[in-house]
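K.L.:
Provided below are the primary sequence and the corresponding predicted coordinates.
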Amino acid sequence: MEIVIKRAYEQASDEDGYRVLVDRLWPRGVSKARAALDEWCKDVAPSPELRVWFGHRPERFEEFAARYAKELDASGAPAALLERAAASGKGRLTLVYAAKDAGNDHVTVLADRLSRLPA
């Protein structure tokens with residue numbers, strides 16, 4: 001399954017396939033209709049404690065990524081999400097997130113972990 005990343009503030013499209021919000025907090029200023037989500041999966045987001053500790057500080061990203069990967073590996077949530085996306089028959093999984101600093105956020109770590117799981 002193809003996995004793509006898209007900010008919640010970008011326009012949803014039919015090419016997005018199965019759209020999943022992967023943040024614990026709802027993105028500010030985005031209505032449910034505009035988000036056009038298939039689901040909101042808080043279970044694959046970083047724990048509240050880890051999210052607060054990280055605070056999107058670039059100097060903490062490497063340690064954050066390692067800690068978050070451990071959280072994901074200890075959870076069945078990523079595999080379950082991938083199964084739901086595959087069962088949708090849409091062929092593509094779009095991970096929707098709100099962070100401003102692309103590449104310095106949890107969604108890149110999540111996408112990498114999901115891509116390593118058997119389809």
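P.N.:
Done, it's in.
K.L.:
use CA for all of it now, contacts and neighbours both
P.N.:
OK.
K.L.:
Let's check: the centremost residue of the chain is which one?
P.N.:
Closest residue to the average C-alpha location of the chain: residue 22 at 3.6 Å, with CA atoms, centre = their mean.
K.L.:
Was I right to think that residue contacts residue 47?
P.N.:
No. Contact criterion CA atoms under 8 Å: residue 22 and residue 47 do not qualify, at 11.8 Å.
K.L.:
sorry, back to before: with residue 59 as the reference, measure out to the residue nearest to the centre of the chain.
P.N.:
With distances defined as CA to CA, to the nearest Å, the gap from residue 22 to residue 59 amounts to 23 Å.
K.L.:
What of residue 75?
P.N.:
Note on residue 75: its distance to residue 59, by CA to CA, is 26 Å.
K.L.:
what about those two, which has more around it?
P.N.:
residue 75 (13 against 10; other CA atoms under 10 Å).
K.L.:
Confirm the more buried one sits in a strand?
P.N.:
No. Under DSSP: H, G, I helix; E, B strand; the rest coil, residue 75 sits outside any strand and is assigned coil.
K.L.:
what's the distance between the residue sitting furthest away from the middle of the chain and residue 104?
P.N.:
In the chain, counting by CA atoms, centre = their mean, residue 59 sits farthest out from the average C-alpha position, at 21.2 Å. With distances defined as CA to CA, the gap from residue 59 to residue 104 amounts to 10 Å.
K.L.:
cool, and residue 111?
P.N.:
The spacing between residue 111 and residue 104, counted by CA to CA, is 13 Å.
K.L.:
likewise residue 78?
P.N.:
Counting by CA to CA, the gap from residue 78 to residue 104 is 20 Å.
K.L.:
Same check on residue 92?
P.N.:
In this structure, residue 92 and residue 104 are separated by 23 Å, where distance is defined by CA to CA.
K.L.:
Perfect, that will be all.
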